[in-house]
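Asker: have a look at this fold, sequence not included:
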Ligand SMILES: Nc1ncnc2c1ncn2[C@@H]1O[C@H](COP(=O)(O)OP(=O)(O)OP(=O)(O)O)[C@@H](O)[C@H]1O
């Protein structure tokens with residue numbers, strides 16, 4: 001009892017069908033492809049659950065007609081009337097079975113389908129506000145009539161359909177032709193039953209019924225220069241279409257399309273057809289594509305001018321890769337307001353700093369970032385803008401700090417929401433890193449950031465995954481860049497989120513008109529390049545030092561770390577005692593880093609990173625990470641010294657097969673060789689290790705044959721810990737290896753500047769101690785043993801410390817059995833496999 005299978009008669013109507021090939025070539029990307037592409041680029045790369053759901057929600061209008069009403073009232077809003085353009089009385093055509101080729105002919109009388117339609121039903125029309133309801137039992141043919149009325153709405157509570165008064169006459173007339181239905185007219189409108197135009201009481205209160213051939217539809221953008229009319233059949237309308245100079249009929253979609261410059265003319269002409277309602281393109285689109293609408297631009301795509309970057313530090317400008325330079329040009333052409341949505345690892349930071357530096361005269365600058373990368377941003381500013389004095393950078397660490405103390409102010413999302421009240425004068429230039437953190441308008445972080453973006457002159461949003469699953473997530477970022485676009489979310493929701501009213505409110509989780517949304521974003525909001533687009537410009541490995549601060553650890557644990565550091569510089573220690581002190585410092589560093597490491601991993605997951613490796617050394621760190629992943633139900637594997645060889649392979653396989661998020665938690669020394677994880681392209685080192693050869697080997701778990709992408713390596717380096725000494729030590733060692741031709745890259749050039757030089761003689765002493773200890777024969781083994789057997793709660797910890805100091809993150813872990821000896825062997829097994837590859 002549906003119209004689902006009916007081919008629109010439009011297929012027969014247009015005599016001038018252009019060559020589809022030509023059309024494709026002329027228009028570039030066609031609409032359906034555009035929709036597809038937006039999924040594979042804008043949203044996170046794999047098929048997430050919600051995305052799949054969103055896809056399933058994207059139905060053609062016709063398919064809705066064939067379904068039982070989920071909430072037909074709402075569908076009426078979102079779904080346009082039949083694209084077949086049939087008169088609603090056509091719905092009477094038997095059971096909706098129309099043989100191909102019968103389209104457009106008058107339907108047969110209903111006799112044959114009488115029994116199929118159900119028993120005889122008598123019903124009444126009841127006025128309800130400015131609408132009317134129909135109280136009647138089930139009758140399939142009448143339901144089919146209902147579903148053809150544009151204003152239909154179904155109320156699941158009363159189980160009644162209701163309509164606007166504009167559909168009253170049409171409904172009554174259609175109902176009359178159903179032999180199985182008698183419909184009592186509205187009270188006081190008795191006369192309208194026989195003839196909708198009969199004079200009487202009803203005429204004074206009822207609007208005249210529209211023609212039964214009333215069609216309603218909308219204009220949809222299909223390329224930068226063309227739009228199509230998504231509307232049902234009307235003879236008058238087709239005649240009008242044929243008067244448009246730029247008309248084109250797409251045989252595939254069975255829709256007419258036109259040049260944007262004819263949009264206003266078409267809408268104006270359609271206004272004269274009383275039986276047609278063709279909604280124009282939304283105002284946002286007409287503004288964004290004004291040059292095409294007004295035909296002020298002769299070119300399809302205008303070239304983006306080269307920006308004058310002479311005012312920006314030459315060090316930065318000369319280091320920009322060609323695609324990064326193009327990104328900066330794009331941003332400046334957009335007057336410093338954009339969403340830079342390059343794939344992860346393409347260097348959004350350097351581009352953002354360059355764009356912001358172009359507007360340096362308008363600083364102070366505000367940089368809002370996830371808290372785990374605040375100091376990485378500080379390092380990036382120091383690295384790329386040597387002209388910026390380090391004391392002009394203000395990293396906001398607590399809610400007692402000032403948000404405006406520096407020329408460059410770096411603050412986390414969460415602290416921003418606590419400190420925004422401090423702002424007397426707004427920032428003119430704002431960078432938001434991982435801007436998808438703002439996707440939910442109800443969150444405090446979003447509420448704090450949005451007003452700042454509205455008043456800022458330059459807004460640079462950065463995100464590798466602006467939307468993880470559905471277009472609704474893009475809304476805040478779009479209005480962050482262009483506050484005048486879609487002032488009401490509902491309008492955006494109706495057009496791009498397939499909005500539907502549910503008993504509990506509106507559901508915006510779907511998606512619609514994605515091709516148009518993509519065109520709009522590319523025109524006015526967003527620049528996005530994928531790794532594969534620019535692979536030739538990328539180095540095979542991109543290393544990044546992520547400066548973290550173990551700020552979350554308890555005061556007691558901090559004290560233990562400080563005490564361990566002090567111990568190393570105490571005079572009159574024997575060599576053995578010095579080494580013990582160093583080991584204690586190393587172990588305390590591991591504990592201290594845990595909360596920041598976990599925060600960083602969770603931020604990566606929230607940012608849409610799907611598969612990555614996390615290397616750590618201490619068992620407490622590995623366990624804290626896996627425990628957190630379990631808590632958050634993130635699929636993961638763990639390989640450490642206690643994993644048997646057989647299990648390793650299985651776990652490796654398992655990791656490759658994970659479809660979505662997956663983290664491999666790996667021991668630096670037990671999983672740094674013989675394993676392949678080329679399905680990932682990111683490696684995170686939660687801890688540093690003194691032997692750079694081991695680190696490079698661990699990196700190569702992903703950077704190996706089978707890896708077609710550039711690999712990102714993130715080293716988490718914690719200030720005020722043993723990392724202060726290990727990091728320069730590693731860099732120094734790799735430099736030596738590089739000079740001897742034994743390392744493929746110069747490590748220090750690839751990583752952020754670290755500015756590690758020790759003014760304090762005590763610090764220099766610790767560094768010397770590290771250098772000496774780690775260079776002695778056998779130091780690896782000794783340190784490994786000490787690290788592996790380290791138990792924060794045991795007596796070997798610093799005086800006065802216990803496992804409680806570490807809070808949730810480190811509430812573990814004592815080694816079971818007598819593992820130390822066993823692990824020594826395993827390490828050497830691995831060592832052998834290093835010398836004699838498996
Ligand atoms: N032109 C360049 N010269 C030198 N190093 C670069 C350049 N571009 C990027 N890098 C380095 O590449 C690494 C990745 O850059 P960045 O962190 O900015 O990427 P991203 O796009 O922000 O990635 P994500 O989305 O994962 O945060 C950094 O270590 C950065 O310093």
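Answerer: It's in. Please read these numbers as outputs of a predicted model, since none were measured by experiment.
Asker: flag every buried residue along stretch 490-504.
Answerer: By neighbour count on 16 or more other Cβ atoms under 10 Å, the buried set for stretch 490-504 is 492-501. (Each C-beta comes from the backbone N, C-alpha and C, glycine too.)
Asker: repeat for stretch 500-517
Answerer: Those would be 500-501, 506-517, for stretch 500-517 by 16+ other Cβ under 10 Å.
Asker: output the contacting helices and strands for the top helix by length along the chain.
Answerer: For the chain, the longest helix by residue count, based on DSSP state H, is helix 575-606. Contacts defined by 3 or more Cβ pairs under 8 Å, 6 or more residues apart in numbering; DSSP states H and E place helix 575-606 against strand 541-548, helix 555-569, strand 611-616, helix 619-631, strand 682-685, strand 711-718, helix 761-775, helix 779-788.
Asker: now do stretch 605-613: distance from first to last residue.
Answerer: End-to-end distance of stretch 605-613 (Cα to Cα, to the nearest Å): 12 Å.
Asker: try stretch 709-725
Answerer: 32 Å.
Asker: can you give me the mean pLDDT across stretch 126-142?
Answerer: Stretch 126-142 carries an average pLDDT of 85.
Asker: buried sites along that stretch?
Answerer: Within stretch 126-142, the residues that count as buried by 16+ other Cβ under 10 Å are 127, 131-134, 136, 139, 141-142.
Asker: same question for stretch 247-266.
Answerer: So, applying 16+ other Cβ under 10 Å, buried residues of stretch 247-266: 247-250, 253-263, 266.
Asker: of all the residues you listed, which comes closest to residue 327?
Answerer: residue 260 (27.1 Å; Cβ to Cβ).
Asker: and the residue nearest to the closest one when sequence neighbours are not counted, backbone torsions?
Answerer: Sequence neighbours aside, residue 292 is the residue nearest to residue 260 in space, at 4.2 Å (criterion: Cβ to Cβ, 6 or more residues apart in numbering). Phi and psi for residue 292, reported as degrees, to the nearest 10, are phi -80, psi -40.
Asker: what's near enough to touch residue 292?
Answerer: By Cβ atoms under 8 Å, 6 or more residues apart in numbering, the contact set of residue 292 is 224-225, 259-261.
Asker: likewise for residue 428?
Answerer: Applying Cβ under 8 Å, 6+ apart, the residues contacting residue 428 are 359, 362-363, 456-458.
Asker: give me the pLDDT for the residue of the stretch 151-300 of the chain found nearest the ligand.
Answerer: Residue of the stretch 151-300 of the chain nearest the ligand, by Cβ to the nearest ligand atom: residue 288 (25.9 Å). We have a pLDDT of 90 for residue 288.
Asker: mind listing which of the buried residues of stretch 126-142 are in strands?
Answerer: 127, 131-134 (DSSP state E).
Asker: of those, closest to the ligand?
Answerer: Closest to the ligand, out of all of these and judged by Cβ to the nearest ligand atom, is residue 131, at 50.4 Å.
Asker: leaving out sequence neighbours, find the closest residue to that closest one.
Answerer: Distances taken as Cβ to Cβ, 6+ apart place residue 162 nearest to residue 131, at 4.9 Å, with adjacent residues excluded.
Asker: any idea what the one you found is bridged to?
Answerer: Beta-bridge partners for residue 162, by DSSP bridges, are residue 133, residue 153.
Asker: who in the protein is up against the ligand?
Answerer: By Cβ under 6 Å from any ligand atom, the residues of the chain that approach the ligand are 319-321, 324, 342, 344-350, 464, 542, 544, 752.
Asker: farthest-separated two in these?
Answerer: Using Cβ to Cβ, the residues of the chain next to the ligand span at most 20.4 Å, a distance reached by 319 and 464.
Asker: ok, those two, which is more surrounded?
Answerer: residue 464 (22 against 14; other Cβ atoms under 10 Å).
Asker: need the three-state assignment for the closest residue to that one other than its chain neighbours.
Answerer: Closest residue in space to residue 464, ignoring its immediate chain neighbours: residue 344 at 3.8 Å, by Cβ to Cβ, 6+ apart. At residue 344 the chain is in coil, as set by DSSP: H, G, I helix; E, B strand; the rest coil.
Asker: residues in contact with residue 344?
Answerer: Residue 344 neighbours (Cβ under 8 Å, 6+ apart): 464-465, 531, 607-609, 682, 712.
Asker: and the pLDDT at it?
Answerer: The model's pLDDT for residue 344 equals 81.
Asker: do the same with residue 591
Answerer: The model's pLDDT for residue 591 equals 85.
Asker: repeat for residue 536
Answerer: 80.
Asker: what of residue 264?
Answerer: 92.
Asker: so what's it closest to, chain neighbours aside?
Answerer: Closest to residue 264 by Cβ to Cβ, 6+ apart is residue 293, at 6.9 Å.
Asker: any idea how far residue 699 lies from residue 175?
Answerer: Using Cβ to Cβ, to the nearest Å, residue 699 is found at 74 Å from residue 175.
Asker: for residue 558, same thing?
Answerer: Counting by Cβ to Cβ, the gap from residue 558 to residue 175 is 79 Å.
Asker: cool, residue 262 as well?
Answerer: 40 Å.
Asker: and for residue 227, the neighbour number?
Answerer: Residue 227: 26 neighbours (other Cβ under 10 Å).
Asker: tell me the bridge partners for it.
Answerer: residue 221, residue 258.
Asker: wait, it sits on residue 264?
Answerer: No - counting by Cβ atoms under 8 Å, residue 227 sits too far from residue 264 to count as a contact (11.1 Å).
Asker: so what's in contact with those two at the same time?
Answerer: With Cβ under 8 Å, 6+ apart, residue 227 and residue 264 have no common neighbours.
Asker: before we move on, back to that, just give me the closest of the contacts of residue 344 to residue 549.
Answerer: residue 607 (19.5 Å).
Asker: what's that closest one in contact with, if anything?
Answerer: Contacts of residue 607 by Cβ under 8 Å, 6+ apart are 344, 370, 434, 436, 463-465.
Asker: got CSV for the residues you listed, with secondary structure too?
Answerer: Below are the contacts of residue 607 laid out as CSV (three-state DSSP):
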residue, secondary structure
344, coil
370, coil
434, coil
436, helix
463, coil
464, coil
465, coil
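Asker: for ChimeraX, what selects the buried ones among those?
Answerer: Buried subset of the contacts of residue 607, written as a ChimeraX selection, criterion 16+ other Cβ under 10 Å:
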select :344,370,434,436,463,464,465
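Asker: could I get the contacts of residue 607 in CSV, plus columns for distance to residue 592?
Answerer: Output for the contacts of residue 607, formatted as CSV (distance: Cβ to Cβ, whole Å):
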residue, distance to residue 592
344, 28
370, 20
434, 25
436, 30
463, 30
464, 29
465, 31
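Asker: how about the helices in the stretch 251-400 of the chain?
Answerer: 263-270, 283-288, 290-293, 314-319, 322-333, 348-358, 374-384 (DSSP state H, counting those that start in this stretch).
Asker: out of those helices, which gets the lowest mean score?
Answerer: Averaging pLDDT over each of the helices of the stretch 251-400 of the chain puts helix 290-293 lowest, since it has a mean of 83.
Asker: shouldn't residue 279 be in contact with residue 227?
Answerer: No - at 11.5 Å, residue 279 and residue 227 do not qualify as touching, with contact defined as Cβ under 8 Å.
Asker: overlap in contacts, the two.
Answerer: residue 219.
Asker: can you list the weak-confidence ranges in the stretch 301-450 of the chain?
Answerer: Applying pLDDT under 70 to the stretch 301-450 of the chain picks out residues 301.
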